[in-house]
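Enquirer: Predicted model follows, preceded by the sequence.
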Amino acid sequence: MTTPSPHLAASPSPAAEAATADAPVGIRIEGLQKVYERTTGREIVRTRALTHVDLTVGANEFVALIGPSGCGKTTVLKTVAGLLSPSAGVITVGGRQVKGPGTDRGVVFQQAALLPWLTVERNVTQALEFAGIPRRDRQERADRYLELVGLAAFHDHYPVELSGGMQQRVGIARALALEPDVLLMDEPFGALDAITRHHMQMELLRIWEHERKAVLFVTHSLDESLLLADRVVVMNKGGIADDVPVPIGRPRDRQTIKDDPDVAALRLHLESML
Ligand code: ADP
Ligand code: MG
């Protein structure tokens, strides 16, 4: 169950208001449960990963999902992606029930998993081909989204020629090129060094200002969640422990986040939860 936080009452952000009643909904998760089953010999081993998750992400809202390792963040993201089926509960994206993977959802994991034998550009166009995008649109989209992530000049390079941060940007371009309604990101910058990571965070904010999609962003960094998100949702052992709006407008940067007294108060509150 979600415990109402004092922050929710004290400073409702425009984003939190946008997520209410009649605002368009990006992702709706209702009563989600997940039990993993694994057979070892004659025994069935069950792991209850999610006990009960209710969560809504507005159509233009950026929500960070945060919590300790093993609390179920990736499981939530993968069920929304349609890569795992729920044991109970219903997930809808843009009002349609999720029954498997689909091009309405762009997914970015910690590793970009590019195909090493294809150029940057072909990595994007091939994903579009798999998604059934007509040939005439593929090249135009690849050009446009590689430009958006600042990699136009590298379109004919191979993944091995790129840094980790650049590979991750290709992964983001590939997800965006599907022109999905929602973006699902699982610790996408977790493997990057601190400087590259910050650069990528600012880059993602810039892109998101440009393409306001519903974003569900998994992280275990409190600073990252406060910098990026409209709302921070805290998970704890398979459920949601708190759900609080970030009480500061945009654009933001590391300094505004650091200096703002309301954000400082929220940080203290969230630290106590984690
Ligand atoms: P997080 O992303 O927050 O670290 P996960 O969603 O990966 O958490 O995992 C939640 C729980 O489910 C953990 O106890 C984990 O060990 C378990 N789990 C995850 N994937 C599997 C799987 N494929 N089979 C069995 N248990 C799993
Ligand atoms: Mg995880």
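Expert: Arrived safely, thanks for sending. No experiment lies behind these values; they were computed from the predicted model shown. Ligands and ions are numbered 1, 2, ... in the order given.
Enquirer: hey, where'd the strands end up in this structure?
Expert: Taking DSSP state E as the criterion, the chain carries its strands at 25-40, 43-58, 62-66, 88-93, 96-97, 105-108, 182-186, 214-219, 231-236, 239-245.
Enquirer: Which residues of this protein lie near ligand 1?
Expert: Residues of the chain that fall close to ligand 1, judged by CB under 6 Å from any ligand atom: 36, 38, 47, 49, 67, 69-75. (C-beta placed from N, C-alpha, C; glycine too.)
Enquirer: ok, of those, which come out buried?
Expert: Buried members of the residues of the chain next to ligand 1, scored by 16 or more other CB atoms under 10 Å, are 49, 67, 71-75.
Enquirer: follow-up on the earlier one: switch the strands of the chain over to JSON lines; also include mean pLDDT.
Expert: JSON lines is the format used below for the strands of the chain (pLDDT from 0 to 100):
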{"stretch": "strand 25-40", "mean pLDDT": "95"}
{"stretch": "strand 43-58", "mean pLDDT": "96"}
{"stretch": "strand 62-66", "mean pLDDT": "98"}
{"stretch": "strand 88-93", "mean pLDDT": "97"}
{"stretch": "strand 96-97", "mean pLDDT": "95"}
{"stretch": "strand 105-108", "mean pLDDT": "94"}
{"stretch": "strand 182-186", "mean pLDDT": "96"}
{"stretch": "strand 214-219", "mean pLDDT": "97"}
{"stretch": "strand 231-236", "mean pLDDT": "97"}
{"stretch": "strand 239-245", "mean pLDDT": "97"}
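Enquirer: From ligand 1, how far off is G164?
Expert: Between G164 and ligand 1 the distance, using CB to the nearest ligand atom, to the nearest Å, works out to 20 Å.
Enquirer: for P261, same thing?
Expert: P261 is 30 Å from ligand 1, where distance means CB to the nearest ligand atom.
Enquirer: same question, V120
Expert: 29 Å.
Enquirer: about what we covered before: now, the most widely separated pair of the residues of the chain next to ligand 1?
Expert: Using CB to CB, the two most remote members of the residues of the chain next to ligand 1 are R38 and G67, lying 22.9 Å apart.
Enquirer: how about the nearest residue to A214 once chain neighbours are set aside, what does it touch?
Expert: Leaving aside its sequence neighbours, A214 sits nearest to G26 (CB to CB, 6 or more residues apart in numbering; 2.5 Å). If a contact means CB atoms under 8 Å, 6 or more residues apart in numbering, then G26 has 57-61, 93-94, 181-182, 213-214 as its contacts.
Enquirer: And the helices in the chain?
Expert: In the chain, the helices defined using DSSP state H lie at 6-10, 14-18, 73-81, 120-130, 135-148, 164-177, 194-210, 222-228, 254-259, 261-273.
Enquirer: between these, which gets nearest to K99?
Expert: Closest approach to K99 among those is made by helix 73-81 (11.2 Å; CB to CB).
Enquirer: coming back round to it: just send the residues of the chain next to ligand 1 back as a markdown table, with distance to E140 too.
Expert: Converted to a markdown table, the residues of the chain next to ligand 1 look like this (distance: CB to CB, whole Å):
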| residue | distance to E140 |
| --- | --- |
| Y36 | 41 |
| R38 | 45 |
| T47 | 45 |
| A49 | 41 |
| G67 | 40 |
| S69 | 41 |
| G70 | 42 |
| C71 | 41 |
| G72 | 39 |
| K73 | 35 |
| T74 | 33 |
| T75 | 36 |
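Enquirer: Can you tell me which of these is nearest R135?
Expert: Nearest member of the residues of the chain next to ligand 1 to R135, counting by CB to CB, is T74, at 34.4 Å.
Enquirer: got a pLDDT number for that closest one?
Expert: For T74, the pLDDT comes out at 97.
Enquirer: Show me which positions of stretch 119-128 end up buried.
Expert: By neighbour count on 16+ other CB under 10 Å, the buried set for stretch 119-128 is 119-125, 127-128.
Enquirer: same check, this time on stretch 261-269
Expert: Using 16+ other CB under 10 Å as the test for burial, stretch 261-269 gives 263, 266-267, 269.
Enquirer: For the residue of the chain positioned farthest from its centre, give me its contacts.
Expert: Distance from the C-alpha centroid of the chain peaks at R42, with 37.8 Å (CA atoms, centre = their mean). For R42, no residue meets the contact criterion (CB under 8 Å, 6+ apart).
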